[in-house]
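A.B. asks: Here is my input; please provide its structure:
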Amino acid sequence: MQSFRTELENPIVERDILELERKIALFREGKIDEEKFRSLRLARGVYGQRQQGVQMIRIKLPYGRVTSSQLRRICKVSEEYSTGRLHITTRQDIQIHYVSLDRTPELWAELERDDVTLREACGNTVRNVTASELAGIDPKEPFDVTPYADATFRYFLRNPVCQEMGRKFKMSFSSSDEDIALSYLHDLGFIPKVKTVDGKEVRGFKVLLGGGLGSQPRHADMISEFVETDQIIPFTEAVLRIFDRHGERARRNKARMKFLVKDLGVEAFLDLVEKERKALPFSSFPLDFEDYESGKTLPNPESPTLEKEPGLDFELWKLTNVLPQKQKGYVAIGVKVPLGDFYIDQARALADLVEKYANNEVRFTLRQNFLIRDVREDLVPFFYQELQKIGLGQRGYNTLGDITACPGTDTCNLGIASSTGIAVELEKVILEEYPQYLQNQDLVIKISGCMNACGQHNMAHIGFQGMSMKSGKTVVPALQVLLGGGNLGDGNGRFADKVTKVPSRRGPQALRVLLDDFEKNAGGIDFLNYYDRQGQMYFYELLKELSDASTVTVSDSVDWGHNEAYEVAVGVGECAGVVIDLVATLLLEALEKLELGKEALEQGRWSDSIYHHYAGLINAAKALLLSEDTSTNSYANIISLFDEKFVETGKINMEGTFAEKVYQINQYEPTEEFAKAYAKQAMEVYSLLKTYREEEVEA
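C.D. replies: Residues are numbered from 1 along each chain as shown. Here you go, the predicted structure:
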């Protein structure tokens, strides 16, 4: 563990990694509560998996971009610490599995040598900022959103505002009105727009707020047709502050932004956002996109020699896997990655290929593939040849035969049925029986292993969700069939209807029934219009025979990819720690936050200092409420209950209310003078609370 202590150039990153190492040791010693340790490790990309004693590591790749050197670094880490398999997620991350918890600090240190991070890849944080893989090359884009997505990622990474929110927070940047980054199902979604003001072109974004999937999908609200680009980061910070303060924290299934927006109402929520602006460190955050755009170059490598002339397979592949770019003479190549899984030998060959013959990067996509950009048109046959060599030359990129699926019961604790197993079978059906759909990019199949919708099943034309169903006393793996979802463009989408539930083993036949009916009766209209024309009950009747539980056979009890009879089971989590004093733990964490605030103050980071001190006060108040067996569900609730239980009763005398002191955070600009005054007050209040706790324990 000594190597990364001296070799990392960034002291902030080094301290982060050492802190993870220290907290792992404390957890092993039983000095940190399991729930608190879970929160800490998740915010550092370390996720428990279904198999006991090992972890899934999520590598955060903003807007899916990875350079050749970064890809090689990820391969090195996967080879040494994991299994050599790389899994692309629907948020453009890479996941590796079966990693020892104790080795995660050194793994992280290895990644950081090529500026690859785990920080905030999981947990109640701002998750990976996603963007259209076409950003910068899209012929339909008004401008390249890449620098704006990148600035958003960097601004909120390690930002004290979003380290311990009630739930995760997701953002996306689409490249055009086609909205392939799916703004309508994000907490915040941005679609680029341009308008002319006084004869000058002004850049901005259409902004959507409060979308989400899961068991209760919600379409985001369009809150502005045009927000200028320099206002995106201030607006986002204000939104996050309100979410952090008012978001649900007790009931996990109600803790996402979509529920807060629904409960408060859009206007009331935006009023709170507006009132928070005074407290922001920036009223405007302009980006120097000109330097980014002027620094972009196109590769012009020497032409390699083809080993043989391409044939019919190449021509079919080109139909779906080669995409036009706005840069004349160049194209992008879409690479289909079945189930999002590829391996380090493929990744290393890919890194060499794009470094020498493209623009030294690939971008992972929301459909678990990757895109090679800036390929000179005459090199397309060569790229096909090289991709074929490494097993990545399949046709059908972004078609019906390109199915999205989460890991499901393979590794996920929450998986109910095998999403990967059924995905393999459905792709076989399409390839062998419906090859014409390998050119159909208007139909989408997505699969999730449970209701959490990591596979985005409820926004697909045809979606499947892993479930279980009973046949007498027998429980068999099943699939909820959903139909009629889809992306309509420009921030509009629709969620699929739940039609019926069938045993998983009948999933391939369900797909056959749907496709046969569509081909026979649609009469040339697209699937969504056909679904609307026929109606939900029509499709229920169509699949009714397959859903009949009374006809379940022994073979239906074995899930796809398994040999043994199905058993409903939630994967085993980490071992439990010993019982500890949670009140003392919360007070210790409060002090840690106050110390972070003091450090930020010394460095002149006034806004960060104020927020750290604010969070420290909240943690200290929560500790005392816990000692009184008082439950809380939001930071705002903690503040009001503390006054009710301790200040109004005279148990703690602090000259005024706790709320008056804490809420100064959004009543003053984050100046040096206010930051110092707030820090002094926070330490005084913390001392009062700590003294009260010590006296209560001794009494």
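A.B. asks: switch to C-alpha atoms for all contacts and neighbour counts from now on
C.D. replies: OK.
A.B. asks: ranges for the helices of the stretch 201-350 of the chain?
C.D. replies: 232-246, 257-264, 266-276, 289-294, 312-321, 344-357 (DSSP state H, counting those that start in this stretch).
A.B. asks: Which among these is found nearest to Asn300?
C.D. replies: The minimum distance between Asn300 and the helices of the stretch 201-350 of the chain falls on helix 344-357, with 7.7 Å, by C-alpha to C-alpha.
A.B. asks: so who does Ala623 touch?
C.D. replies: Taking C-alpha atoms under 8 Å, 6 or more residues apart in numbering, we find Ala623 in contact with Leu582, Val583, Ala584, Leu586, Leu587.
A.B. asks: Just the buried residues of the host helix or strand of it, please?
C.D. replies: Here Ala623 sits within helix 606-627, counting by DSSP states H and E. Residues of helix 606-627 classed as buried by neighbour count (16 or more other C-alpha atoms under 10 Å): 606-625, 627.
A.B. asks: for stretch 31-48, same thing?
C.D. replies: Those would be 31-34, 37-48, for stretch 31-48 by 16+ other C-alpha under 10 Å.
A.B. asks: if you look at the residues you listed, which of them are in helices?
C.D. replies: Those of these mapping onto helices are Glu34, Phe37, Arg38, Ser39, Leu40, Arg41, Leu42, per DSSP state H.
A.B. asks: how about the residues you listed in CSV, adding pLDDT and distance to Ile665?
C.D. replies: As requested, those are exported to CSV (pLDDT from 0 to 100; distance: C-alpha to C-alpha, whole Å):
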residue, pLDDT, distance to Ile665
Glu34, 79, 31
Phe37, 84, 28
Arg38, 82, 29
Ser39, 80, 25
Leu40, 81, 25
Arg41, 88, 28
Leu42, 85, 28
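A.B. asks: Where does pLDDT dip in the chain?
C.D. replies: 1-8, 566-581, 699 (pLDDT under 70).
A.B. asks: And it, what are its domain boundaries?
C.D. replies: 3-112, 130-293, 302-389, 404-557, 582-698 (automatic domain parsing).
A.B. asks: what's the closest of the ones you listed to Gly396?
C.D. replies: Closest among the domains of the chain, using C-alpha to C-alpha: domain 404-557, at 4.7 Å.
A.B. asks: Quick one: distance of the closest one to the chain centre.
C.D. replies: Mean C-alpha position of domain 404-557 versus that of the full chain (C-alpha atoms, centre = their mean, to the nearest Å) differs by 23 Å.
A.B. asks: ends of that domain, how far apart?
C.D. replies: Terminal residues of domain 404-557 lie 24 Å apart, using C-alpha to C-alpha, to the nearest Å.
A.B. asks: Roughly how far does Thr404 sit from Ile416?
C.D. replies: Taking C-alpha to C-alpha, one finds Thr404 at 17 Å from Ile416.
A.B. asks: Comparing the two, which residue is more hemmed in?
C.D. replies: Neighbours were counted for Thr404 and for Ile416 using other C-alpha atoms under 10 Å; Thr404 has more, 31 against 26.
A.B. asks: Tabulate the domains of the chain in TSV, adding columns for distance to Ala121.
C.D. replies: Shown next, in TSV, are these (distance: least, C-alpha to C-alpha, whole Å):
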stretch	distance to Ala121
domain 3-112	5
domain 130-293	10
domain 302-389	15
domain 404-557	14
domain 582-698	21
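A.B. asks: what's the closest of those domains to Gly123?
C.D. replies: Once the domains of the chain are compared by C-alpha to C-alpha, domain 3-112 is nearest, at 4.6 Å.
A.B. asks: Now the spatially closest residue to Glu361 that is not a sequence neighbour. Its backbone dihedrals?
C.D. replies: Distances taken as C-alpha to C-alpha, 6 or more residues apart in numbering place Thr67 nearest to Glu361, at 4.2 Å, with adjacent residues excluded. Dihedral pair for Thr67: phi -90, psi 170, per degrees, to the nearest 10.
A.B. asks: same thing with Gln368?
C.D. replies: Dihedral angles (degrees, to the nearest 10) for Gln368: phi 70, psi 30.
A.B. asks: hang on, isn't it packed against Gly334?
C.D. replies: No. With contact defined as C-alpha atoms under 8 Å, Gln368 does not count as touching Gly334 (11.0 Å).
A.B. asks: circling back to that earlier point, and the buried residues of stretch 31-48, which is closest to Thr649?
C.D. replies: Closest to Thr649, out of all of these and judged by C-alpha to C-alpha, is Asp33, at 30.8 Å.
A.B. asks: Surely that closest one and Leu26 touch.
C.D. replies: No. At 9.4 Å, Asp33 and Leu26 do not qualify as touching, with contact defined as C-alpha under 8 Å.
A.B. asks: Show me where the stretch 1-150 of the chain has its helices.
C.D. replies: Using DSSP H, counting those that start in this stretch, helices in the stretch 1-150 of the chain cover 3-7, 11-28, 34-42, 68-81, 104-112, 146-156.
A.B. asks: Let me have these in a markdown table, extended by distance to Glu427.
C.D. replies: As requested, those are exported to a markdown table (distance: least, C-alpha to C-alpha, whole Å):
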| stretch | distance to Glu427 |
| --- | --- |
| helix 3-7 | 44 |
| helix 11-28 | 41 |
| helix 34-42 | 33 |
| helix 68-81 | 27 |
| helix 104-112 | 34 |
| helix 146-156 | 33 |
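A.B. asks: Can you check which of these gets nearest to Gly340?
C.D. replies: helix 68-81 (15.3 Å).
A.B. asks: For that closest one, which residues meet the burial criterion?
C.D. replies: 68-79, 81.
A.B. asks: which of those residues sit farthest apart?
C.D. replies: Of all pairs in the buried residues of helix 68-81, the most separated under C-alpha to C-alpha is Ser68 and Tyr81 at 19.9 Å.
A.B. asks: hang on, the earlier thing: I'd like to know which of the contacts of Ala623 is nearest to Arg249.
C.D. replies: Nearest to Arg249 among those, counting by C-alpha to C-alpha, is Leu586 at 15.3 Å.
A.B. asks: For the helix or strand in which that closest one is found, what is the distance to the chain centroid?
C.D. replies: For Leu586, the element it lies in under DSSP H and E is helix 582-602. Helix 582-602 sits 28 Å away from the centroid of its parent chain (C-alpha atoms, centre = their mean).
A.B. asks: Show residues contacting that helix.
C.D. replies: Outside helix 582-602, the residues that reach it (C-alpha under 8 Å, 6+ apart) are 32-33, 606, 608-613, 615-620, 622-624, 626-627, 675-676, 679, 682-683, 690.
A.B. asks: Over to stretch 41-59?
C.D. replies: In contact with stretch 41-59 (C-alpha under 8 Å, 6+ apart) are residues 20, 60, 93-101, 104, 116-125, 163, 409-413, 570-574.
A.B. asks: And those, which of them are buried?
C.D. replies: Members of these classed as buried by 16+ other C-alpha under 10 Å are 20, 60, 93-101, 104, 116-125, 163, 409-413, 571, 573-574.
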